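Novice: for reference, the sequence and a predicted model appear below.
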Amino acid sequence: MLLDTVVTTLDAVAATRSRLAKVDALAGLLGELQPDEIAPAVGFLVGKPRQGRVGVGWRGVSAAIGEPAAEPTLTVLDLDTLLGELAALGGEGSARDRSAALRDFAARATAGEQDLLARVLLGEMRTGALEGVLIDAIARAADRPGPSVRRAAMLTGDLGATAVIALTGTADELDAVGLEVGRPVLPMLAATAPSASAALETTGPASVEFKLDGARIQVHRSGDSVRVFTRNLADITHRVPEVVEIVRRLPARDVILDGETLSLDEDGGPRPFQETMSRFGAEAAREAVLHPWFFDILHVDGRDLLDEPLSVRRHELERVAGEYRIPGEVTDDPETAERVSREALAAGQEGVVVKAIDSPYAAGRRGSSWIKVKPVLTYDLVVLACEWGSGRRRGLLSNLHLGARDPEGAFGEPGGFVMVGKTFKGLTDELLRWQTEEFQRIEVRRTPGTVWVAPTTVVEIAIDGVQRSSRYPGGIALRFARVKRYRDDKEAGEADTIATLRSLLRE
Ligand SMILES: Nc1ncnc2c1ncn2[C@@H]1O[C@H](COP(=O)(O)OP(=O)(O)OP(=O)(O)O)[C@@H](O)[C@H]1O
C-alpha cells in the first residue's frame, strides 16, 4: 500500500467529527492492507511505530526535511524499513548515517508524508483518542465483535499485534488471546469523585484504599524471572532490583501483580514522588530504596484472576503478598470510608481509591468501578514553551507555558493545545537543570526570552482553581499553579482537556 493512503485516511479522520465516519475511513484502510503491512500501518496511525522510539529528535527531523516530492511513490513498507534502519543505527558514531537515511527518505516524500514521518518519529499524537476508534475499525474490517478486539488489545497492550490476529486469524484465535505472564497488560484506571462517601454511592460496598503518591508498577514473575513495567508498559526491571528481589521471594511460582512503588525515608515514611520518579528515569538517586505496595493480582500459578471479583483477588493478594498489600479497608459505610481517607492524608498520601468489591479487573478501562478521591486539585498539562530565568535562575529555563488538550478544536486546531497559564513554582534545582537540557533538545524555535518546544512533555500541576481570563485563548487562567512532578509515564494525548479545566469555573 502507498504511504499516501495512510496520509489521506488520517486527513479524512481529522476532518470529521462523526465517530462513525472515522471508523468507516479507518476500516476501509485496514481492509486493504497486506498481512505484513498491518502492524506497521497501525503503528503509523496511532503515532507509535512498532520499532518504538528510534531516537530521532525534533532537530534531527527538521534538519532532514527539505523540498517535498510532487508525486507519492513511497509505500507503508518503505517507512517501516526506514524505521528499522534507524533503530539498528542507534549506536555511537552513527549520527551521520542516520541523518543521511532520513534525508534520503524525506526527499522522496510528499508534504503530507513528511508530516506523517515527523509525527511517527516524534511520537506526537495529534489524533488524540484514535486508539478507541481504531479498535472499532479493526472489529469492522475483520468482522469480529468489538469487545473481543478490545479485550485482546488490552491484554496484549499491542494494537498492531491485535489487528494482525483479528484480520488474519480466526474468531477463536482472537478469543484465545489471554493473559500471558511476562507480557504487560494495559492497567485499569480510575474515575474521579469529590469525596470518599460520594465515591461509595457509585460503587456500593468497596475496598477503600490509600492512594499512594508513587509510581505505578506491574510486576510479572515466572519462576525466577521477574519483569517490572511502568504505567505505559515500559520495561524498567533493571532500575528496580529491590522490587525484583521482593517479588522473587513471594510464595508463588507465576504471578502478575499491580501496584505502586515509592521510596521511603529512614523512618519508613514516603519520600517526595520526584525521588521515586528519578529512579525510573535517570540512573540517579540510587541511594533511595524503593518499596512496592500491591493493590491487585491478575494471575497466580496458572489461574487468571481478571474476571474474578475484587473480593476474590484481594483474598489471593493477601495470601501471596499480604506483607506488601496497600493499606485499606472493605466497607459500605460512608463514615468508615471518610476515616480511611483522613488516615491516608495524615500519612502524607494523595487520597484514596474506592473500588467496587464485586468488580472484575477491566484492563485499559477508566470506568466507575475504581474511583479516586484527591483533595488537592492536580491536572496533567503539556509544556508548550519555557522562559529563561533571571537572578538565581539565570541561564536556566524556568517559567513553563502550560497547555491543556483541545481534542475537538474548540479554541484552535483540533488535537492541539490551548495555553492556560505559566508557572515557575515548585521546581527543584535538579528539575531546573533537567528541563533546561531537555527543552533545548525538543526545541522547535526560540525568541530572545523563550524556547518553544514540541508539545510532548506532560507535567502534573497543582492549582487552587481557575479564573476567567481574556489573556489566554481558552478564556481561563490557572490560579496559583505549581509543579508537582513531570509525568514521563504519560503521553501528551493523555493530558487533561480544556473542557475539564473550564468545568472548574462552574464549581
Ligand atoms: N490503591 C491504589 N489503587 C489504584 N491505583 C493507585 C492506588 N494507589 C495509588 N494509585 C495510583 O493512582 C492511579 C489511579 O488513578 P488513575 O487511574 O486515574 O491513573 P493516573 O491517570 O495515573 O492518575 P493520577 O495522575 O491521579 O495518578 C494509578 O495509576 C496508580 O498509579
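Specialist: On my side now, so go ahead.

Novice: ok so residue 504 is a strand residue?
Specialist: No - Residue 504: not assigned to a strand; according to DSSP: H, G, I helix; E, B strand; the rest coil it is helix.

Novice: domains in this structure, by residue range?
Specialist: Structurally, the chain divides into domains by automatic domain parsing as follows: 3-175, 189-373, 377-506.

Novice: and the second one, end to end?
Specialist: Between the opening and closing residues of domain 189-373 there is a gap of 13 Å (CA to CA, to the nearest Å).

Novice: get me the contact residues on the chain for the ligand.
Specialist: 189-190, 209-212, 216, 231, 260, 295, 326, 353, 372 (CB under 6 Å from any ligand atom). (Glycine included, C-beta is placed from N, CA and C.)

Novice: export the domains of the chain to JSON lines and tack on mean neighbour count, distance to residue 183 and mean pLDDT?
Specialist: Formatted as JSON lines, the domains of the chain follow (neighbours: other CB atoms under 10 Å; distance: least, CB to CB, whole Å; pLDDT from 0 to 100):
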{"stretch": "domain 3-175", "mean neighbour count": "18", "distance to residue 183": "7", "mean pLDDT": "91"}
{"stretch": "domain 189-373", "mean neighbour count": "18", "distance to residue 183": "8", "mean pLDDT": "90"}
{"stretch": "domain 377-506", "mean neighbour count": "18", "distance to residue 183": "18", "mean pLDDT": "93"}
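
Novice: I'd like those domains laid out as CSV, including distance to residue 181.
Specialist: CSV is the format used below for the domains of the chain (distance: least, CB to CB, whole Å):
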stretch, distance to residue 181
domain 3-175, 12
domain 189-373, 5
domain 377-506, 22
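
Novice: shouldn't residue 135 be in contact with residue 149?
Specialist: Yes - at 5.4 Å, residue 135 counts as touching residue 149 under the criterion of CB atoms under 8 Å.

Novice: secondary structure class for residue 412?
Specialist: Here residue 412 is coil, with the state taken from three-state DSSP.

Novice: residue contacts, it?
Specialist: 406, 418, 473 (CB atoms under 8 Å, 6 or more residues apart in numbering).

Novice: once you drop chain neighbours, what's closest to residue 186?
Specialist: residue 364 (3.3 Å; CB to CB, 6 or more residues apart in numbering).

Novice: now the one you found, what's its secondary structure?
Specialist: Following three-state DSSP, the label given to residue 364 is coil.

Novice: any idea how far it lies from residue 49?
Specialist: Separation of residue 364 from residue 49 (CB to CB, to the nearest Å) stands at 20 Å.

Novice: show me what secondary structure element comes after the host helix or strand of residue 27.
Specialist: Per DSSP states H and E, residue 27 falls inside helix 19-31. The first helix or strand that comes after helix 19-31 along the chain, using DSSP H and E, is helix 35-45.

Novice: list the contacts of that next one.
Specialist: Residues outside helix 35-45 that contact it (CB under 8 Å, 6+ apart): 1, 3, 6, 9-10, 26, 29-30, 33, 49-50, 76-77, 79-80, 116, 120, 127, 130, 134, 159-161, 163-164, 167-168.

Novice: check stretch 385-398 too.
Specialist: So stretch 385-398 is contacted by 399-401, 422, 424, 427, 432-433, 435-436, 439-440, 449-453 (CB under 8 Å, 6+ apart).

Novice: send the alpha carbons of it over as PDB?
Specialist: C-alpha atoms of stretch 385-398 as PDB (Å, rounded to 0.1, in the frame of the first residue of the first chain):
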ATOM      1  CA  ALA A 385       7.300  26.700  25.900                       C
ATOM      2  CA  CYS A 386       9.700  27.800  28.700                       C
ATOM      3  CA  GLU A 387      11.200  31.200  29.500                       C
ATOM      4  CA  TRP A 388      14.700  31.800  30.600                       C
ATOM      5  CA  GLY A 389      15.000  32.600  34.400                       C
ATOM      6  CA  SER A 390      16.600  35.600  36.000                       C
ATOM      7  CA  GLY A 391      18.600  36.200  39.200                       C
ATOM      8  CA  ARG A 392      19.500  32.900  40.800                       C
ATOM      9  CA  ARG A 393      17.900  31.100  37.800                       C
ATOM     10  CA  ARG A 394      19.800  33.000  35.100                       C
ATOM     11  CA  GLY A 395      20.900  30.600  32.400                       C
ATOM     12  CA  LEU A 396      18.200  28.100  33.300                       C
ATOM     13  CA  LEU A 397      14.900  27.500  31.600                       C
ATOM     14  CA  SER A 398      12.400  28.300  34.300                       C
END
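
Novice: any idea how far that stretch is from the chain center?
Specialist: Centroid separation for stretch 385-398 versus its chain: 29 Å, with CA atoms, centre = their mean, to the nearest Å.

Novice: give the bridge partners for residue 458, please.
Specialist: Bridge pairing for residue 458 (DSSP bridges) gives the partners residue 382.

Novice: residue contacts, it?
Specialist: Per CB under 8 Å, 6+ apart, neighbours of residue 458: 380-383, 486-488, 490-492, 494-495.

Novice: so of these, which ones are in strands?
Specialist: The strands, defined by DSSP state E, take in 380-383, 486 from the contacts of residue 458.
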